[in-house]
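Colleague: build me a structure from this.
(chains A and B)
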2 protein chains.
Amino acid sequence: MSGSLVVIGLGPGNPDQITPEASRAVAEASHFFGYKPYLDRIELRPDQTRVASDNREEISRSNAALDMAASGHHVAVVSGGDPGVFAMAAAVCEAIEAGPRAWRDIELSVVPGVTAMLAVAARVGAPLGHDFCAINLSDNLKPWDLIERRLVAVARAGFVISLYNPISKARPWQLGSALETLRKHLPATTPVIFGRAAGRPDERIEIFTLGEADAAKADMATCVVIGSPETRLIERDGKPPLVYTPRFSAGAAK
Amino acid sequence: MSGSLVVIGLGPGNPDQITPEASRAVAEASHFFGYKPYLDRIELRPDQTRVASDNREEISRSNAALDMAASGHHVAVVSGGDPGVFAMAAAVCEAIEAGPRAWRDIELSVVPGVTAMLAVAARVGAPLGHDFCAINLSDNLKPWDLIERRLVAVARAGFVISLYNPISKARPWQLGSALETLRKHLPATTPVIFGRAAGRPDERIEIFTLGEADAAKADMATCVVIGSPETRLIERDGKPPLVYTPRFSAGAAK
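Modeller: The predicted structure is shown next:
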């Protein structure tokens, strides 16, 4: 007998940004798996159980959740942001493909959420108003030179670039190196946003130029948005500037 | 005296995917501006007024909303999906920059939402599980050759590609041309998802290969997601396949 597995996106961290669909999925599941800080965001009833794990154990967590679902339970795997963006939905799919055939019979669903770059963008204006991309800056699962080639390709093509997982204790130099690479292909005046914990009480949103952006000011909870050559600032008296990328383009990007 | 303007993202169309933050913003505003189908999604009280406009009148709509806010009202501009992704937040910023200096004093906020590609991805698995980009396929505001150059750059660099506004009555050939261009740079077996009205009663999600994908099957409400060379299908008995892009990459993309 097969149960169900739902991968739930809890949004950027502000409870007001959790969709009703996600809240209902939480209410309906019996067993919860996830990275502890995400599990800590939801309040469970006494009849609901949880298994917290570390943030680099996605596959073992997926296996445990699928195993529980295969035995007939209603299982939830929780993610911050959107579960499909550098998060648990892909890990669960990888585990299904590699796992026992019976796991393909599990009723699988994914509940989308507001992903970090959208929450950060909303706090400053509309930096993602034109074509944009999202790159996971972690080189745990792909070679660094591939990341560099991608950064160059999208910078030269005029995309706004969102960097997820920009820095961690185990990956201290990668964001600095990425900014160095981008400085060779974008104007020094390009706006760069370091958006930390958008919408949460400890939110910190800072706007720099690419020339002055300092990787040391980012941490694991930061999403970095790098403008295109067309991204602009609107100065305002007594308020932070607005940052936006116009919807139109003259076609100047190469 | 300056009022406020909030740009609200209503998500992909399923009321269960509207965040509590967006619902509260709707409750607090007095005057609403937007494209009629988006305004029709929200129920207003008798003391709230609305001005519906056509979907290609973003700047005149922004000007009217800013004018109303500048005279002290609490104004809302509503968008489908996320307002920062090819939607009203950038148009409002453009209008502020070009408008009277007093508009910069208006209390501006943006409420993020679940954007279409996230809702579509959630319905099929995790196609955005690795690096991805979003391109507005409309050439109303940028030249077509720039769009083509961007498609080639990101396909060659191994990004999953989400296409917004792929087709309309006034732009009948662009999606077909984009698919033709991508066929020169990606395997014919690359999974392509046509995600129409994800989460709504009239939802239609179809999975093709790039070789067989037919632009005529898309419409204005469709978000097209084109896999990278690493995007995979998991076949399941009696269910549609899962589509996902693994989190890891061997670095095969050029």
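Colleague: is it true that residue A:168 touches residue A:220?
Modeller: Yes - under the criterion of CB atoms under 8 Å, residue A:168 makes contact with residue A:220 at 5.1 Å. C-beta here means a position set from N, CA and C on the backbone, and glycine is covered the same way.
Colleague: so for those two, which residue has more residues nearby?
Modeller: Set residue A:168 next to residue A:220 and count neighbours by other CB atoms under 10 Å in any protein chain shown: residue A:168 wins out with 17 against 12.
Colleague: now the more buried one, which residues is it bridged with?
Modeller: With DSSP bridges applied, the residues forming beta bridges to residue A:168 are residue A:171.
Colleague: residue A:58: what's it in contact with?
Modeller: Neighbour list for residue A:58: A:88, A:91, B:247 [criterion: CB atoms under 8 Å, 6 or more residues apart in numbering or on different chains].
Colleague: isn't there a strand covering the second one?
Modeller: No - when classified by DSSP: H, G, I helix; E, B strand; the rest coil, residue A:91 is found to be helix rather than part of a strand.
Colleague: nearest residue to it other than its sequence neighbours?
Modeller: Using CB to CB, 6 or more residues apart in numbering or on different chains and skipping the chain neighbours, the partner closest in space to residue A:91 is residue A:58 (3.8 Å).
Colleague: pLDDT value on that neighbour, please?
Modeller: Residue A:58 is assigned a pLDDT of 94 by the prediction.
Colleague: how near is it to residue A:89?
Modeller: 10 Å (CB to CB, to the nearest Å).
Colleague: kindly report the same for residue A:192.
Modeller: For residue A:192, the distance to residue A:89 - CB to CB - is 28 Å.
Colleague: again with residue A:183
Modeller: Distance from residue A:183 to residue A:89, by CB to CB: 34 Å.
Colleague: compare these two (neighbour count), which wins?
Modeller: Taking other CB under 10 Å, residue A:183 and residue A:89 do not tie; residue A:89 has more neighbours (32 against 15).
Colleague: and the closest residue to that one other than its chain neighbours, what does it touch?
Modeller: Once flanking residues are discounted, residue A:89 sits nearest to residue B:126: 3.7 Å by CB to CB, 6+ apart. The neighbourhood of residue B:126, defined by CB under 8 Å, 6+ apart, consists of A:83-84, A:89-90, A:92-93, A:110, B:242-245.
Colleague: what about stretch A:192-209, start to end distance?
Modeller: Stretch A:192-209 has an end-to-end distance of 5 Å (CA to CA, to the nearest Å).
Colleague: show me the contact partners of that stretch.
Modeller: By CB under 8 Å, 6+ apart, stretch A:192-209 touches A:11-14, A:16-17, A:116-117, A:119-124, A:127, A:179, A:188-191, A:210, A:213-214, A:217-219, A:221-227, A:233, A:240-241, A:243.
Colleague: so which of these reach chain B?
Modeller: Restricting the contacts of stretch A:192-209 to those touching chain B (CB under 8 Å from any CB of the partner chain) yields A:11, A:14, A:16-17, A:119, A:121-123, A:127.
Colleague: buried among those? Need that as a selection in PyMOL.
Modeller: Only the buried members of these enter the following PyMOL selection, criterion being 16 or more other CB atoms under 10 Å in any protein chain shown:
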select buried, chain A and resi 11+14+17+119+121+122+123+127
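Colleague: want to throw the ones next to chain B among the contacts of stretch A:192-209 into TSV with secondary structure, pLDDT and distance to residue A:31?
Modeller: Listed next are these as TSV, based on DSSP: H, G, I helix; E, B strand; the rest coil; pLDDT from 0 to 100; distance: CB to CB, whole Å:
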residue	secondary structure	pLDDT	distance to residue A:31
A:11	strand	97	22
A:14	coil	96	26
A:16	helix	97	26
A:17	helix	98	25
A:119	helix	98	28
A:121	helix	98	35
A:122	helix	98	33
A:123	helix	98	35
A:127	coil	98	39
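Colleague: quick one on the thing from earlier: just the buried ones from the contacts of residue B:126?
Modeller: A:83-84, A:89-90, A:92-93, A:110, B:242-245.
Colleague: closest to residue B:70 among the residues you listed?
Modeller: residue A:84 (39.5 Å; CB to CB).
Colleague: mind checking the SS state of the closest one?
Modeller: coil.
Colleague: quick check, it in contact with residue B:123.
Modeller: No - counting by CB under 8 Å, no contact exists between residue A:84 and residue B:123, whose distance comes to 10.0 Å.
Colleague: my read is residue A:51 is in a strand, agree?
Modeller: Yes - assessed by three-state DSSP, residue A:51 belongs to a strand.
Colleague: mind listing what it touches?
Modeller: Contacts of residue A:51 (CB under 8 Å, 6+ apart): A:31-33, A:61, A:64.
Colleague: need the pLDDT of it.
Modeller: Per-residue pLDDT puts residue A:51 at 96.
Colleague: what about it, distance to chain B?
Modeller: Residue A:51 is 21 Å from chain B, where distance means CB to the nearest CB, to the nearest Å.
Colleague: kindly state the beta-bridge partners for that residue.
Modeller: When assigned by DSSP bridges, residue A:51 has beta-bridge partners residue A:33.
Colleague: ranges for the helices of chain A?
Modeller: A:20-28, A:36-39, A:58-70, A:88-98, A:116-124, A:144-156, A:174-183 (DSSP state H).
Colleague: picking up where we left off before, among the ones next to chain B among the contacts of stretch A:192-209, which pair sits farthest apart?
Modeller: Greatest spacing in these, by CB to CB: A:16 and A:127 (21.9 Å).
Colleague: tell me the mean pLDDT for stretch A:128-146?
Modeller: If you average the pLDDT values across stretch A:128-146, you get 96.
Colleague: unless I'm mixing things up, residue A:3 is touching residue A:67, no?
Modeller: No - the pair residue A:3 / residue A:67 is not scored as a contact, 10.4 Å apart, by CB under 8 Å.
Colleague: who's more crowded, the two?
Modeller: Remark: of residue A:3 and residue A:67, residue A:3 carries more neighbours, 19 against 15, as counted by other CB under 10 Å.
Colleague: and the more buried one, what does it touch?
Modeller: A:68-75, A:106-107.
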